[in-house]
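Trainee: Okay, here's the prediction I keep looking at, along with the sequence it came from:
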Amino acid sequence: GSPIPHPQHLFDRFGLAMGTVDADPLAWVLSRNLHRRHLSESQRAMVAAKLATMTRGRPGENEQICRISSERAGELLNVSRRSIGAARAVRAEGVPELSAAVEAGDVSVSAAAALASLPLSEQAVIVARGKAEIIAAAKRYRDENTARKKALRAEKEARLGAKQRALPDRRYGVIYADPEWRFENWNNDTGNDRGPENHYPTSDLETICRRDVASIAADDSVLFLWVPMSMLPDGLTVMARWGFTYKTGWIWVKDKAGLGRWVRSLHEVLLLGTRGAPPCPAPGTQWQSVITAPLGRHSEKPENFHRLIEDYFPTLPKIELNARKARPGWDAWGFEAEGEG
């Protein structure tokens, strides 16, 4: 910002009394006065942005006043770095009337920041029409920006899918795995009849880890990995050994509770890990993290999750490990998969 001799004008603008104090004037004034005004987060973000860009105003000096950084300004004003970033964009790129609208509490700093990238002449016309037009224009701009991001993401995913399908050796952009986890029964006399071994062969952790999944994974790929809650550390170990980095996951809430030592399990976890740089979903297209679906056969997973994966990655080559059955457009490998490879 432009050098100024003193921050008095800032406090005058927001109705704060400067007072007289021998200590750091900014920290003192903020602590003594902010609670007297019911400033919104957007208004506080504008104050913080000004604090973080003020200079002492002495010739030849470019030191921030009282050495206030963006992080410190955010702490003093109780606003996030994201809000301060939006406020700085409004101040740097917006017309003065746009900043004034935020400072007056008429519009949010995020709405103003959405408009700040528009040409100044276009901003001036929008602001001149008043608060309602600013809010409506910000929504239009965000919607257009979201649509562009969706289109760019779809194009990137399609290019990646075509590239992976063209490889001479089959590599997959999506690997969906439900390993044959081996549980330890707390009572072998009564537990084996209900355990997985009674329905399909199981493997110990090291056997699953040694599975050469990395050799079929494309350079930019995603792993969807089912793991029971009681074996969550094992799931993360397998993901890392297969060459993927954990990112997030979903919870499947079942309609019937199972057994367990500490709790009766009513949910299972689907972990998501990445290798390389597969495209994230476009903003607004992500599925919610909790999905409710009824139980099927032993260890069978709801079809909702196949649809989720297909929605996220419609063109990437896909394989399901330990598949119950073949699925159109997917390769399948597993104990029960028909036509398995």
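Mentor: Looks like it arrived, so ask away.

Trainee: Tell me who's in contact with Ser70.
Mentor: Contact criterion CB atoms under 8 Å, 6 or more residues apart in numbering gives Ala48, Ala52, Arg81, Ile84, Gly85, Arg88 as the residues in contact with Ser70. Bear in mind the C-beta positions are built from the backbone N, C-alpha and C, glycine included.

Trainee: what residues go with each domain of this structure?
Mentor: 8-128, 159-333 (automatic domain parsing).

Trainee: Looking at these, which is nearest to Lys149?
Mentor: With CB to CB as the criterion, Lys149 lies closest to domain 159-333 of the domains of the chain, at 4.8 Å.

Trainee: Distance from the chain centre to that closest one, please.
Mentor: How far domain 159-333 lies from its chain's middle: 20 Å, per CA atoms, centre = their mean, to the nearest Å.

Trainee: and the end-to-end length of it?
Mentor: Distance across domain 159-333, first residue to last, is 26 Å (CA to CA, to the nearest Å).

Trainee: what about that domain, average pLDDT?
Mentor: Mean per-residue pLDDT for domain 159-333: 87.

Trainee: repeat for stretch 101-108
Mentor: Regarding stretch 101-108, the rounded mean pLDDT is 91.

Trainee: For that stretch, measure first residue to last.
Mentor: Distance across stretch 101-108, first residue to last, is 9 Å (CA to CA).

Trainee: What residues of it count as buried?
Mentor: Counting neighbours by 16 or more other CB atoms under 10 Å, one finds that the buried residues in stretch 101-108 are Ala101, Val102, Glu103, Asp106, Val107, Ser108.

Trainee: can you check stretch 83-90 too?
Mentor: Ser83, Ile84, Gly85, Ala86, Ala87, Arg88, Ala89, Val90.

Trainee: ditto for stretch 131-141
Mentor: Going by neighbour count (16+ other CB under 10 Å), the buried part of stretch 131-141 is Ile134, Ile135, Ala137, Ala138, Tyr141.

Trainee: Check stretch 142-156 too.
Mentor: Residues Arg142, Arg153, Lys156 are the ones in stretch 142-156 that count as buried (16+ other CB under 10 Å).

Trainee: repeat for stretch 154-169
Mentor: Going by neighbour count (16+ other CB under 10 Å), the buried part of stretch 154-169 is Lys156, Glu157, Leu160, Gly161, Gln164.

Trainee: quick one, what contacts Lys150?
Mentor: Taking CB under 8 Å, 6+ apart as the contact definition, Lys150 lies against Ala282, Pro283, Gly284, Thr285.

Trainee: can you do 10 Å?
Mentor: Listed by CB atoms under 10 Å, 6 or more residues apart in numbering, the contact partners of Lys150 are Pro281, Ala282, Pro283, Gly284, Thr285.
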